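Chemist: need coordinates for the below:
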Amino acid sequence: MISLLRPLACILLLAPSLLPAADSQRFVLERPHQVTEIPEPDRNIPVTSVILMIGDGMGLHHLSAAWTANRGHLFMENCPVTGIAKTWCADKLVTDSAAAGTAMATGTKTLYKRVAVCPQGSKLDSLVDKAAGMGKSTGVIVTCELNDATPASFCANNKNRSDSYGIIGDYPHSRADFIFGGGGKYFTQRPDGRDMFREMAAQGYHVARSWEDAAALPPGKTLIVAAPGNLPPPSARGDVLRQATLKGLENLSRNPNGFFLMVEGSNIDKAAHRNKLEEMMEELLDFDRTAGAVLDWASRHPGTLVVITADHNTGAFALTGGDREKGEITAQFGSGNHDGVMVPVYAFGAGSGAFTGIYENTDIFRKIMEAMEKGTSQPAPAHRGS
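Modeler: Numbering: from 1, shown residues only. As a prediction, this is how the structure comes out:
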């Protein structure tokens, strides 16, 4: 039997085309967005504000597909500094968003499914907490439910990312000043009878239960819950991620001590899990347009550091062909899960030079903290316009 299996093994190794192939999908972007060159301000001046952008599930293969579809241009290409981050967590090679989010938010490798809780069970302070302790304003903007893993890593503490009601129950104690996302169904009609909208208002938050209602909110502590669950795809929700990010920047930048803001393109991951190419490309391109708005803002506000990265790769995604001139791609998904491949890191603006090299995802926290701590002891630079 062994002698019969050996030739078969050799054939499979030498002829991978004989193995079952994943179904190929095709996507054509009919209307590419125009990408402009955005000048980087002096990267050697003190950092007063930090914008961390996370494309959930977004690896180099995903970005290569977006680059091809948008005719060979992405706003993220304006970032002159690049690095690579390792994504493993404390108990698994292939992480989930909870452990990966915790690594970036707190600088600690933790167990699968934990949000801002260390392997030994102690609660961890996030970059939101750290920045608030420095007198900075803070914000979290996502397109998923606010109880989801990444926003929870910055705003809550829980041993189980699936404890949606418990995570939302932590939000009144969060030190985030500007909060945008979905998940309204977990704020009311709860098993514990709490009305989280009322509790957030009691903590001084101006509350809106839709993006349309958010326009009337005055400056100050803000909670916008724009959907009962995850936000719909960009084709249905429109330009909300970019607009919410600009509103958050306008609000947080009123603080002369600066701010920390986390922005997540959450649903790139969810579309990749379902192997939905068209929806994933919508989310990727929407995230890039939002990155363009952030980079443009940072270019006009010296002292701002922008870091763009991912928590992990999703879908074992492969760009197998296409035509850059036509904005056409052909691609395959190898799975509906995460993988353990390292992810890109892009940096722009003040302090960006620290993000070159290959390092752990926990080093993203460390590098941001070092930049903020160094910047707090030095005067903020003058802004070039609003």
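Chemist: distance check, residue 140 against residue 180.
Modeler: Residue 140 sits 7 Å away from residue 180, taking Cβ to Cβ, to the nearest Å as the criterion. Backbone N, C-alpha and C define where each C-beta goes, glycine included.
Chemist: no, scratch that, I was asking about residue 282
Modeler: From residue 282 across to residue 180, the span is 19 Å (Cβ to Cβ).
Chemist: which one of those two has more residues nearby?
Modeler: Higher neighbour count among residue 282 and residue 180: residue 180, with 29 against 21, using other Cβ atoms under 10 Å.
Chemist: for the helix or strand in which the more buried one is found, the distance to its chain's centre please.
Modeler: Assigned by DSSP states H and E, residue 180 belongs to strand 178-182. Average the C-alpha atoms of strand 178-182, do the same for its chain, and the two points are 13 Å apart (Cα atoms, centre = their mean, to the nearest Å).
Chemist: from the contact counts, what lies against it?
Modeler: Judged by 3 or more Cβ pairs under 8 Å, 6 or more residues apart in numbering; DSSP states H and E, strand 178-182 is in contact with strand 137-145, strand 222-225, helix 240-252.
Chemist: so who does the residue nearest in space to the middle of the chain touch?
Modeler: Among the residues of the chain, the one closest to the centroid is residue 54, at 2.0 Å (Cα atoms, centre = their mean). Neighbouring residues of residue 54 by Cβ atoms under 8 Å, 6 or more residues apart in numbering: 101, 104, 150, 262, 263, 264, 265, 309, 310, 311.
Chemist: ranges for the strands of the stretch 251-386 of the chain?
Modeler: 259-265, 304-309, 313-314, 317-323, 328-333, 338-339, 343-349, 357-360 (DSSP state E, counting those that start in this stretch).
Chemist: got those strands as a markdown table, with mean neighbour count, distance to residue 36 and mean pLDDT columns?
Modeler: Listed next are those as a markdown table, based on neighbours: other Cβ atoms under 10 Å; distance: least, Cβ to Cβ, whole Å; pLDDT from 0 to 100:
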| stretch | mean neighbour count | distance to residue 36 | mean pLDDT |
| --- | --- | --- | --- |
| strand 259-265 | 28 | 20 | 98 |
| strand 304-309 | 27 | 16 | 98 |
| strand 313-314 | 26 | 29 | 98 |
| strand 317-323 | 17 | 24 | 97 |
| strand 328-333 | 20 | 23 | 98 |
| strand 338-339 | 21 | 33 | 96 |
| strand 343-349 | 24 | 14 | 98 |
| strand 357-360 | 14 | 29 | 98 |
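Chemist: by residue count, what's the longest helix in the protein?
Modeler: Longest helix in the chain by number of residues (criterion: DSSP state H): helix 277-299.
Chemist: give me the angle between it and strand 304-309.
Modeler: On the basis of axes from the mean of the first three to the mean of the last three Cα atoms, to 10 degrees, helix 277-299 is oriented at 160 degrees to strand 304-309.
Chemist: go through helix 277-299 and flag the buried ones.
Modeler: Buried positions in helix 277-299, judged by neighbour count with 16 or more other Cβ atoms under 10 Å: 277, 279-299.
Chemist: could you point out the helix or strand that follows the lowest-mean-pLDDT helix or strand in the chain?
Modeler: Least confident helix or strand of the chain, by mean pLDDT, DSSP states H and E, is helix 2-14 with a mean of 40. Downstream of helix 2-14, the first helix or strand assigned by DSSP H and E is strand 24-28.
Chemist: quick one: buried residues of stretch 368-375?
Modeler: Those would be 368, 369, 371, 372, 375, for stretch 368-375 by 16+ other Cβ under 10 Å.
Chemist: now render those residues as JSON lines, adding pLDDT and distance to residue 318.
Modeler: Converted to JSON lines, these look like this (pLDDT from 0 to 100; distance: Cβ to Cβ, whole Å):
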{"residue": "368", "pLDDT": "98", "distance to residue 318": "32"}
{"residue": "369", "pLDDT": "98", "distance to residue 318": "36"}
{"residue": "371", "pLDDT": "97", "distance to residue 318": "35"}
{"residue": "372", "pLDDT": "97", "distance to residue 318": "38"}
{"residue": "375", "pLDDT": "83", "distance to residue 318": "41"}
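Chemist: can you redo the residues you listed as JSON lines with distance to residue 154?
Modeler: Shown next, in JSON lines, are the buried residues of stretch 368-375 (distance: Cβ to Cβ, whole Å):
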{"residue": "368", "distance to residue 154": "12"}
{"residue": "369", "distance to residue 154": "14"}
{"residue": "371", "distance to residue 154": "17"}
{"residue": "372", "distance to residue 154": "15"}
{"residue": "375", "distance to residue 154": "20"}
